[in-house]
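J.: Have a look at this prediction, sequence included:
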Amino acid sequence: MNGFGFFLPKRLLVPTDFSGYAHNALWQAVAIASTYRAAVILLHVIGEEAAQYLTDLCLYDAVANQLTRQQLSAAAADKLQRQINGVIETHRDVDISAEIKIGIPYDEILKAQQDKGIDLIVLAAYGMTGIVKNLIGSVAERVTRGARCPVMLIRS
């Protein structure tokens with residue numbers, strides 16, 4: 001907020017699971033960032049359970065755990081960079097960076113919001129969670145409830 005009570009976001013957080021919904025949220029955030037000359041942080045969280053599941057398939061836990069995390073992080077970094085390159089092609093004026101975290105997605109999103117001084121979280125209302133969403137609650141719902149800044153849910 002500025003002195004006049006207007007909302008002028010300067011730092012936007014866009015969590016992504018690389019779904020089409022998250023891609024649409026990124027483009028909405030980029031449009032906002034372009035309008036308000038704001039920075040965008042694109043965040044991908046590798047779920048602890050995914051890393052653990054892959055580790056459980058191997059015999060040497062310590063080695064497998066490290067390799068799995070490195071491989072998941074490298075694949076995510078590549079996808080994030082491709083998304084950033086797509087944005088930069090049409091919006092050179094937008095400052096966009098990427099981060100990868102390992103943990104519980106909604107928890108890491110809320111930590112990033114506080115640690116980075118985020119003014120607005122732009123989040124897909126749906127992701128790749130499918131039926132699991134109905135069992136444990138959606139990331140979007142938990143972020144919306146726990147955020148200390150406005151959250152914009154993108155439904156398409």
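T.: Alright, I've got the coordinates.
J.: what are the ranges of the strands in this structure?
T.: Assigned by DSSP state E, the strands in the chain fall at 11-15, 39-47, 95-103, 120-124, 151-154.
J.: Just checking: what are the partner strands of the last one?
T.: In its sheet, strand 151-154 lies beside strand 120-124 (parallel), with partners assigned from DSSP bridges.
J.: same check, this time on the third one
T.: For strand 95-103, the paired strands and their directions (DSSP bridges) read strand 39-47 (parallel).
J.: what's next to the strand it pairs with, contact-wise?
T.: Contacts with strand 39-47, where a contact means Cβ atoms under 8 Å, 6 or more residues apart in numbering, come from 10-18, 26, 29-30, 33, 69, 72-73, 76, 79-80, 83-84, 87, 94-105, 108-109, 112, 116, 118. Just so you know, the C-beta spots here come from the backbone N, C-alpha and C atoms, and that holds for glycine as well.
J.: and stretch 95-104, how far out from the chain's middle?
T.: 6 Å (Cα atoms, centre = their mean, to the nearest Å).
J.: Give me the contact list for it.
T.: So stretch 95-104 is in contact with 30, 33, 38-48, 51, 69, 72-73, 76-77, 80-81, 83-84, 87-88, 108, 111-112, going by Cβ under 8 Å, 6+ apart.
J.: List buried residues within the residues you listed.
T.: 30, 33, 38-47, 51, 69, 72-73, 76, 80, 83-84, 87, 108, 112 (16 or more other Cβ atoms under 10 Å).
J.: what residues are up against the residue nearest to residue 120 when sequence neighbours are not counted?
T.: Among residues not flanking residue 120 along the chain, residue 9 sits closest, at 4.2 Å (Cβ to Cβ, 6 or more residues apart in numbering). Taking Cβ under 8 Å, 6+ apart, we find residue 9 in contact with 32, 33, 36, 38, 119, 120, 150.
J.: Can you say which two of these are spatially most distant?
T.: Spatial extent of the contacts of residue 9 (Cβ to Cβ) is set by the pair 33 and 150 at 14.4 Å.
J.: hey, which helix or strand in the protein has the poorest pLDDT?
T.: helix 132-136 (a mean of 44; mean pLDDT, DSSP states H and E).
J.: Let me have the strands of the chain in TSV, extended by mean pLDDT and distance to residue 145.
T.: What follows is the strands of the chain, written out as TSV (pLDDT from 0 to 100; distance: least, Cβ to Cβ, whole Å):
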stretch	mean pLDDT	distance to residue 145
strand 11-15	98	15
strand 39-47	94	17
strand 95-103	94	18
strand 120-124	95	12
strand 151-154	94	9
